[in-house]
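Participant: Return a 3D structure for these sequence lines:
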Amino acid sequence: MSLSRSQMLHEMGLGPIWRLRDAPAAAAEEDSAACSPAAAPAASSPAPTAAAVAPASAAKPAVNIAAEAIAGLGWPELRQAISTCGNCELCQGRKQAVPGVGDERADWLFIGEGPGAEEDARGEPFVGPAGKLLDAMLAAIDLKRGDNVYIANAVKCRPPDNRTPEAHEMAACWPWLKRQIALLRPKLIVLLGRAAMHAVLHEEQALGASRGKRFEYRDGELVVPVIVTYHPAYLLRNLPDKAKAWEDLCFARRTMREQLAAGRDLPLEAH
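Facilitator: As a prediction, the model looks like this:
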């Protein structure tokens with residue numbers, strides 16, 4: 001059943017209706033007025049599901065792959081290699097690896113923690129209740145899964161019992177994520193939760209202390225602004241913090257507009 005924006009907001013308990021301004025290039029000061037804590041993201045209609053990656057057991061045995069080899073892979077080879085990765089023990093309990101989903105030329109990159117049970121079964125990140133909330137958050141700033149948006153995780157295989165990935169597991173998976181970033185060359189990275197922040201920024205401070213700040217991801221000549229916010233699964237358990245996440249979305253939208261404005265007179269880089 002298709003619900004209206006106001007019905008979705010009411011159902012999610014996110015507060016009054018927020019309506020996005022029609023002009024995508026509106027001034028940042030207008031965003032400040034529109035993005036008050038009372039405002040809240042609207043829900044989107046269900047997003048199309050990408051084809052699931054074939055389970056490693058149905059193709060090849062899990063194998064160890066060196067970071068140097070990963071650094072030279074293109075998208076098709078990268079997806080295939082992730083599906084058979086055996087670089088850490090998480091491969092032993094997976095149904096299939098979950099590389100990521102979305103537009104492989106996207107300006108926006110959202111990075112979460114790791115696959116859960118539903119993601120492990122379907123081969124796509126953020127497909128459960130947290131995924132529905134993420135879709136609503138995207139819709140609130142006029143984004144849609146698969147349309148100028150790519151979604152990935154710090155680890156590509158499900159941790160046992162959906163626990164937080166351990167440091168050595170994220171380190172083993174880092175070459176995959178690093179290569180995805182290099183291929184995407186996004187204009188903005190949004191980190192969803194503390195595990196993603198640790199994986200990408202190697203920051204040990206609490207997530208709350210990192211909100212509202214602009215970090216940088218650097219890899220050679222590639223420099224990408226990074227913003228940190230709460231993981232949607234956390235928000236489902238801590239409803240009052242949805243207002244803070246909404247502030248972070250507004251900050252991300254302003255940052256992207258600044259990125260686009262800064263690059264308007266520059267030659268386009270190939271993705």
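
Participant: Now do the same contact list for P61.
Facilitator: P61 sits next to 84, 86 when contact means Cβ atoms under 8 Å, 6 or more residues apart in numbering. No exception for glycine: its C-beta is placed from N, CA and C like everyone else's.

Participant: if I look at it, how far off is C85?
Facilitator: Distance of P61 to C85, computed by Cβ to Cβ, to the nearest Å: 11 Å.

Participant: Also V98?
Facilitator: Applying Cβ to Cβ, the value for V98 to C85 is 11 Å.

Participant: for stretch 172-187, what is the average pLDDT?
Facilitator: Stretch 172-187 comes out with an average pLDDT of 98.

Participant: mind listing what's buried in that stretch?
Facilitator: Using 16 or more other Cβ atoms under 10 Å as the test for burial, stretch 172-187 gives 172-181, 183-187.

Participant: swap in stretch 153-169?
Facilitator: Using 16+ other Cβ under 10 Å as the test for burial, stretch 153-169 gives 153-159, 164-165, 169.

Participant: same check, this time on stretch 129-143
Facilitator: Judged by neighbour count (16+ other Cβ under 10 Å), stretch 129-143 contains these buried residues: 130-141, 143.

Participant: what does stretch 215-224 contact?
Facilitator: Residues from elsewhere that reach stretch 215-224 (Cβ under 8 Å, 6+ apart): 109, 178, 181-182, 185-189, 200-201, 203, 225-228.

Participant: and that stretch, what's its mean pLDDT?
Facilitator: Average pLDDT, stretch 215-224: 96.

Participant: which of the residues in it are buried?
Facilitator: 215, 217, 224.

Participant: could you point out which element follows the strand of greatest length in the chain?
Facilitator: Of all the segments assigned as strand in the chain under DSSP state E, the longest by residue count is strand 222-229. Toward the C-terminus, strand 222-229 is succeeded by helix 232-237 as the next helix or strand (DSSP states H and E).
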